[in-house]
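Student: starting from these lines, generate the structure:
(chains A and B)
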Number of protein chains: 2
Amino acid sequence: MSDLSLQLMEKEPRLPRPHDGVTYNNVYVVHYNFSDVDYFKAVDELHTLVQDLESVGLYTELRAGYDQSLLIFVKAPKELLGNMVYKSRVKDWLYGISLNHPGGGKDTVVDGDYEAEDLLSMYHLVTWSKELGGAGITPKSGNWENVESVFPLHNVSANRKLLQYLSRKIFLKPDDLDKIRGLFGVKVAFYFAFLQTYIVFMFFPASTGFLAWMFLPHYSLVYAIITSLWCVVFLEYWKLQEVDLSLRWNVRGIASLKMTRPKFKYIKEIVDPTTGELKRYFPIWKHVIRHTLQIPFTITALVILGALITLVFTIEIFISEVYEGTLKTYLEYLPTVLLACVLPFISSRFEDVATMLTNYENHRTQDRHEMSHTQKIFVLNFITNYLPILLTALVYVPFGNTIVPHLEILLRSVLPGTIKFESDGEFAVDPSRLRNEVIALTVTGQISNLFEELIFPYLKHKAGRWYKDYRAERAHVATINTVIRDIPEEVKFLKRARNEAQLEPYNVQDDYSEMIIQFGYLALFSPVWPLVSVGFLVNNWIELRSDFLKICIDHRRPAPIRTDGIGPWIDSLGFLTWMGSISTAAVVYLFGNDSLGFLPGSDTWYALPLTIFVSEHIYLVLRYIVGFALQRMVCSEQMRKRRKKRYVQRKKYLEELESRFQQHLAVDEQERERRRSVLLNGHDLFWTRQREPMASVDVGMGLIKALRSANEAKKEA
Amino acid sequence: MSDLSLQLMEKEPRLPRPHDGVTYNNVYVVHYNFSDVDYFKAVDELHTLVQDLESVGLYTELRAGYDQSLLIFVKAPKELLGNMVYKSRVKDWLYGISLNHPGGGKDTVVDGDYEAEDLLSMYHLVTWSKELGGAGITPKSGNWENVESVFPLHNVSANRKLLQYLSRKIFLKPDDLDKIRGLFGVKVAFYFAFLQTYIVFMFFPASTGFLAWMFLPHYSLVYAIITSLWCVVFLEYWKLQEVDLSLRWNVRGIASLKMTRPKFKYIKEIVDPTTGELKRYFPIWKHVIRHTLQIPFTITALVILGALITLVFTIEIFISEVYEGTLKTYLEYLPTVLLACVLPFISSRFEDVATMLTNYENHRTQDRHEMSHTQKIFVLNFITNYLPILLTALVYVPFGNTIVPHLEILLRSVLPGTIKFESDGEFAVDPSRLRNEVIALTVTGQISNLFEELIFPYLKHKAGRWYKDYRAERAHVATINTVIRDIPEEVKFLKRARNEAQLEPYNVQDDYSEMIIQFGYLALFSPVWPLVSVGFLVNNWIELRSDFLKICIDHRRPAPIRTDGIGPWIDSLGFLTWMGSISTAAVVYLFGNDSLGFLPGSDTWYALPLTIFVSEHIYLVLRYIVGFALQRMVCSEQMRKRRKKRYVQRKKYLEELESRFQQHLAVDEQERERRRSVLLNGHDLFWTRQREPMASVDVGMGLIKALRSANEAKKEA
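Tutor: Numbers count the residues shown, from 1 in each chain, chains lettered A, B, ... in the order given. Predicted coordinates:
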C-alpha cells in the first residue's frame, strides 16, 4: 500500500456507500489501457485525456481498472448536461426532425425526458469533436488508440425492473417500447419493436402452419401462397409501423444530423465559397466506384462458399448413400467435421474482407458505414444458411438420379478397386432429405443460437474474470488491483464498473441478422415443413426476453444512438420475400405431389422456369397491391397527431390572414367607387362600360331577351 | 339594332382600341351558355353568377358570345389579386413547400413573379369555394351546369414571341422552361421539361441505333442490352431531374395543398373533435375496394381487345398467306377495314368505362383523379399499341408453323370446297413480318399523330367557325352576334375571345401518353429495327415546338395548375422498361440469328423462359445499381442551393447558441469551485475524491508508477 490508497481514502469512511446513491444519466466511463505503451507516453496521454475532458466542463474521477488499465469516471454538472440536451433538441428542430422549437433561449437548462436522452448528450460531450463542443475522445482511433472504450454504466436496478416487467407481459405495447428506449436508446428500441411486430404477425403462420400440417398434403400450394402473402403483408405493414415509431420517437430523418465518422478519410478540406463552411472533401465518384467492389465480393463468396458446400454435400451423399467400402462408419463423419472446421474459418475470413471493403468504401457517417457492412454480412449469411437447402431442393432431388451415377463412374476410374459401392447403378434420390435438412437447420439452429448468444458469452466472461482474479492472486503479473486496494465503500461499485469494462460491446445488427435469417427460412422454404413457424413463434417469444437479458449481463451498456428505422434490413426482408416467390414455387412444383412426378427427362420439365416466372410476377403484382392498400388504409397514429398539430397552427395563421380579407369586403362600397373613377381616367375603356355593381346582369338580360325575340320573329316569318 | 348596342357604345368612341392595352395576368373569362334553359332560369343564373363574382371583389364586363352564349369578362383589382398572390405564397410556406416566409403582413400586396402566378390566383378567385375566398364558379358541375368553361385569355404576342424563341433554340435550358412556366404554369412546363430531357437522351440511342443498323447483325443482342441500359439510366435520371425542377419551381409536395374536388362525394360532414375542422368524410376502405375494380377492368380490356386483335390478325395472315380463293384482292382489305372501324369504337367505349370507374372511385383531389384516369388510359393504350407486335413476335413467328395448318384444316371442314388454299400444308411463317409491323406502326404513327394533333383540330375548328358564321349570316337561327353588333373598337378583341371560348381545353396527359407510348416502342422492341430511334429523335424535336404551337392555336389557354412532377407516368415508364427486359430478351432469343433457329419442337426451346428469367433479373440488378449510383453522383443544383440556404440559417442559429457555451467555459474557474463545494456537501463522496482540476492525472500517474515498480520487483524476485 502506497500513499496513493491513502489519497483515495482521505475522506470520512463511514457514510452511505457511494454506489447506492450513484446516478446513471450523467456518468460516462473512459477505459484507458496502458499495457502497450511506456510510462512517459502513458502519463502524457492520460494528461491530455483528462485535460480534454475537463476543458469541456466535465468532472473526472480516476480509479484502477483490471490488468494494466485505468477507469476514468466522467460526470457532467447539471448545467452543462441540461444545456447540451436543450441544444440537441434545438438542433432536432433546426433540421426538421421535431416539429416545434423547444422554447427557451441559449442558456436554457432542461432535464432529459428519459435516461437515454441525457446519456446521448453525455456521449456527445465525451466523443464529439471539440468544434462541436465535445472532448473528442474517440476510442481506438486517432490519438486515442489506447482508449479501449467509452461507455455508460448499466442501471442495474432499472434493468432488473424492466426485465421482470417484460417477462410478465405477453404483448409489448408502444409504451413498453418507450421504456426500452428510455434505457438503451432508440436504436435498440427499434430492434425490440421490430421483434415484437414480427412475433405478433407470427401467430398467423403458426396457426396456418399447424392446420396445414394437420389437414393439407405435404408441400401444399395453398399453404405456400398464404405464407408468401403473409410475408408481403408483414413487410409492408412494418414499413408503415417504422414510420409511425420514428415519428413517435422524434427521430424521422435523423440521418441528416449524423456527424462525420472520425475514421472518414478526406483528400482535402475545402471551404465552401458561398457558406464559408469547412468541408471534408472526398470525391463521390470514387466512393461509388469503390462501392461496386461489392459485386466481385459477392461473386467470389458465392463461388468459394458454394464450391465448399457443394463439395461437402457431394461427399456426404456419396458416403451415406453410395459408398459401401472400408471405414464407412468413420468416413460418414468426415464431411460434417470438414464443414464444421473449415466453414467458420473461411466465413470469418470473408467477414474480414467485408470489414476491409467497408472501411475502404470510406463512408462519411457511422450509419452508412454500418449499413454497408451489414449488407455484406447478410450476403455471407444468406449463402451459408440457405445454399445447402437450395442445393438439395434444386439440384440433388431433381438431378440426383442423373448426376450421382456419373459421380460413381468417375470415382471408380479414379480409385479403381480400392472401394466398394453399394447397389451398383441403382441409386435413387431420397426426397425426404430436404425436409430433414430444413428441420435440422432450423430447430437446432434456434437452440444453438440461444446458447451461443446468451449462455456461452456469460460463461466465457465469468471464466475469464475468474482467471484474471486467479492470476492476479497468484501474482504472475502485477495488475493494478493487486497493487492498490479499493476504498471499502467503493469495492462493490468498482467491481461492477471493472466488470462492465471487460464486457463486449453490443451490436444490434447481429440480433437483426438472426431474425432476418429466420424470416428467410419461412419465406424461402415454408411449404417444406409447415410446423417450422410454430417453433419460431415459441423461440421468438423467449428471444425477445433473452436478448434483453443479454444486453444487461453480457454486454456493455450501448450508447443510446438514434436511428429512424431498421435501415438496410428492410431491403433484406424485401429480397428474401422476393426470392421466396421463386423458391417456394420451385419447391412446390418439384415436390408437390410428394412423389417427384416432374423430373428432368420428362417432357414437361421445361415448365419449371415458366412456373417460377409466373409465381414471381404474381408476387410482384401482389406486393404492389398490398403496398397500395395498406398505405391508404393503415393510418399512422403519429402522422395523424402531427397533421392535427400542423392543422391547428395553419388554421390560426390563415384566420389572421383572412380577417383582412373580410375587412376588404366591408369597405368595398366606397373603395369600389374610388377605383372605378381611377379606371375611368385610364385608357382601358373596355372595363368601364358596366362599371356599376351588377350592371352586367342588365346587359346580359337585354342580350338574352333580344336573341329570344329575334328567334321568335324568325319563326313567325 | 336595339337600345342595347347604344348602351354598349355610350362612351367616347375614338380612343386607342381597348384590346391593344389589354392585360392578361388579371383577366378571366366565364363562358355562359343559355341555349338549354328558358329565359327566367337564364336570367336567374346570370344574376347569381355576376353577384358571386362581384361579391369576391371582382369586376365584370358582359359581352355576347357565339351562338346562344355570353362571355363574362372578369378582372381583379390590383389590391385583391396582389393580396391573393401573397396569401398563396404564405400558404406555400405554411405547408412546407417553400422554405421561407415571404415577409410582410396580412395586408401585403405583391405582384406575381410571372404571368402564370397571377393567373393561378385569378383561377382561385373564380373557382375556389366561397369559404376559401373564391366565387365558387365550377364549370359544368353543381349549380353551374350551364357555365361551359372558365378560362384565361391567350397572350397572343407573348405566345408568338416564345414560339419564335423556341424554334431558334436547339436545346432548351432551365431558363427557357421557366418561360413556358411563366406563360402556361408548372404543369405544362413539366411536360416540356420531360420532353426536352427525353430529346437530349434520345441522341444516344439514335447514334447507337444508326451504328447498329450499319454494322451489327439484325436483332443484335449488344444493341438490345445497350438500349435497355439506356432506358434505365434515362428513367433514373429523370426522377432526379423532376425533383430538381420541382424545387426550382417551388412546387415540391404541392399535393398537400390541393383542394377537394367539387365532384367529390361524401357520406357526411364530420367535425374533427380535436381541431374543430369540418371534414368531408368518405371511408377509405370503400375507396380502396372501389380501386380494385381496376383489376377486372384491365383483364376485361385485355381479353376483349386481345380477342379482337387476335381475330383480325388471324384473318389477315390467313388471307394474305394461306387463302387463294375467290375475291382475294378485295378480301385482303377486310381485316384492316374491320380493325379500323371497330377498334376505335370499342377502345373509346373502354375509355368511357375508365372515366366512369374513375368517377366512381371518388378521389378527393383533382390530381389523384387525373392520375387514376391516366393509369387506366395507359393500360388501354398499352394493349392497342403493343399487343399486335407482341402477338407477331411471341405467337405468330414461333408457333405459326404449328398453328396455321391446324387453322387450315379447321376452315376446310367448316367451309368445304368453297375456297381454295394456297400451297396445301406447306405454310412457312414470314419472320420479316415483325419488322414490317414495327416500322409501319411507329413511322406512320408518328406522322399521323402530328396530323391528328395539330393540323386536323385546326382545320376542324376553322371549318366549324366558318360554318357558324355562315349559318349566322344566312340567319337560319338567330345568334347573339347577328342580333347585336359590337362596338368597333372591341370587334377584334371580341372576335378573338369568342374564338378562344370555342376551342377545346388542353389536356397535357394526352401529350404525355403519346411520348410514353413512343418510349415503349423503344423499350420493348428496340432490336427489331434500330433505326426507329433516329426517326423518334427527329419527330420529337418537331413535336416539342408543334405541341407548343398546338396549345397556342388549338386550345383554350390552360389554367396554370401546379404539380410536382409527371405523376403516374413515372410508374408507366418503369413498367415499360421492365417489360422491355422481357420482351427484348424474347425477341433477340427467337430472332437472334435471323434464321429462326430455335423453334418449338426443337429440344432447346424450353430455354426461352430461362432466357427471359435471366434477362429480367439482370435488368432488376442493373436498375438497382444505376439508381444507387445516380442518386449519389448526380447532384441536384436546387438541392444544393436549398442545403446552402438552410446551412446558413442553421449556422447563424447555432452560433448564437454556442456563444453561451464559450461564455460558460470562460466563467468556469469560479463556477467550478462553487459547484465542487456543493458536491462536497452532498452524499456522493465518490465524486469529491479528486475534486481539484487535473487531480485525477496525478492519481493516474501514481497508479501507473506503482504498477510498473511492482512488476519490476516481481521480475527481480
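Student: ok, residue A:445 - how many residues close by?
Tutor: 16 (other Cβ atoms under 10 Å in any protein chain shown). Where C-beta positions appear, they are placed from N, C-alpha and C, glycine not excepted.
Student: residue A:312 too?
Tutor: 20.
Student: for it, give its distance to chain B.
Tutor: 28 Å (Cβ to the nearest Cβ, to the nearest Å).
Student: tell me what the stretch of helix or strand residue A:123 belongs to is packed against?
Tutor: Secondary structure assigned from DSSP states H and E places residue A:123 in helix A:115-127. For helix A:115-127, the packing partners by 3 or more Cβ pairs under 8 Å, 6 or more residues apart in numbering or on different chains; DSSP states H and E come out as strand A:27-33, helix A:78-94, strand A:147-152, helix A:174-184.
Student: swap in 10 Å and give it another go.
Tutor: In terms of contacts (3 or more Cβ pairs under 10 Å, 6 or more residues apart in numbering or on different chains; DSSP states H and E), helix A:115-127 is packed against strand A:27-33, helix A:39-56, strand A:69-75, helix A:78-94, strand A:147-152, helix A:174-184, helix A:186-215.
Student: can the first one be said to contact chain B?
Tutor: If I follow you right, that is strand A:27-33. Yes - counting by Cβ under 10 Å from any Cβ of the partner chain, chain B is contacted by strand A:27-33 at A:27, A:32.
Student: what of the shortest one?
Tutor: No - with Cβ under 10 Å from any Cβ as the measure, strand A:147-152 is seen stopping short of chain B, the closest distance being 13.0 Å.
Student: CSV please, covering the helices and strands packed on helix A:115-127 and showing mean neighbour count and mean pLDDT.
Tutor: Converted to CSV, those look like this (neighbours: other Cβ atoms under 10 Å in any protein chain shown; pLDDT from 0 to 100):
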stretch, mean neighbour count, mean pLDDT
strand A:27-33, 23, 93
helix A:39-56, 18, 90
strand A:69-75, 23, 90
helix A:78-94, 20, 87
strand A:147-152, 22, 94
helix A:174-184, 20, 93
helix A:186-215, 20, 94
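Student: for residue B:687, find the nearest of these.
Tutor: strand A:69-75 (5.8 Å; Cβ to Cβ).
Student: angle of that closest one against helix A:39-56?
Tutor: 10 degrees (axes from the mean of the first three to the mean of the last three Cα atoms, to 10 degrees).
Student: distance between strand A:69-75 and the chain's centre?
Tutor: 30 Å (Cα atoms, centre = their mean, to the nearest Å).
Student: list the helices and strands that strand packs on?
Tutor: strand A:27-33, helix A:39-56, strand A:59-64, helix A:115-127, strand A:147-152, helix A:480-483, helix A:491-502, helix B:695-716.
Student: just checking, what packs against the fifth one?
Tutor: This means strand A:147-152. Using 3+ Cβ pairs under 10 Å, 6+ apart, strand A:147-152 sits against strand A:27-33, strand A:69-75, helix A:115-127, helix A:491-502.
Student: among the ones you listed, which is nearest residue B:541?
Tutor: The closest of the helices and strands packed on strand A:147-152 to residue B:541 is helix A:115-127. By Cβ to Cβ, the value is 56.7 Å.
Student: per-residue confidence averaged over the closest one?
Tutor: Averaged across helix A:115-127, pLDDT comes to 93.
Student: dump the residue contacts of residue A:523.
Tutor: Going by Cβ atoms under 10 Å, 6 or more residues apart in numbering or on different chains, residue A:523 touches A:227-228, A:230-232, A:234-235, A:516, A:573, A:575-581, A:583-584.
Student: kindly recompute the last result at 8 Å.
Tutor: A:227, A:228, A:231, A:576, A:577, A:579, A:580, A:583, A:584 (Cβ atoms under 8 Å, 6 or more residues apart in numbering or on different chains).
Student: tell me how many other residues surround the third one.
Tutor: Right, residue A:231. Using other Cβ under 10 Å, residue A:231 has 28 neighbouring residues.
Student: excluding covalently adjacent residues, which one is nearest to it?
Tutor: Nearest residue to residue A:231 in three dimensions, chain neighbours excluded: residue A:577, at 4.4 Å (Cβ to Cβ, 6 or more residues apart in numbering or on different chains).
Student: which SSE is that neighbour in?
Tutor: If you go by DSSP H and E, residue A:577 is part of helix A:569-591.
Student: give me the helices and strands touching the helix or strand containing residue A:613, please.
Tutor: Secondary-structure assignment from DSSP H and E places residue A:613 in helix A:607-633. Secondary-structure packing of helix A:607-633 (3+ Cβ pairs under 8 Å, 6+ apart): helix A:221-248, helix A:569-591, helix B:284-291, helix B:607-633.
Student: indicate which one of the helices and strands packed on strand A:69-75 is closest to residue A:366.
Tutor: Of the helices and strands packed on strand A:69-75, nearest to residue A:366 by Cβ to Cβ is helix A:115-127, at 10.6 Å.
Student: buried residues in that closest one?
Tutor: Neighbour-count burial for helix A:115-127, counted by 16 or more other Cβ atoms under 10 Å in any protein chain shown, picks out A:115-127.
Student: relative to chain B, which of the residues you listed is nearest.
Tutor: residue A:125 (11.1 Å; Cβ to the nearest Cβ).
Student: that closest one reaches residue A:82, doesn't it?
Tutor: No - between residue A:125 and residue A:82 there is no contact under Cβ atoms under 8 Å: 11.8 Å.
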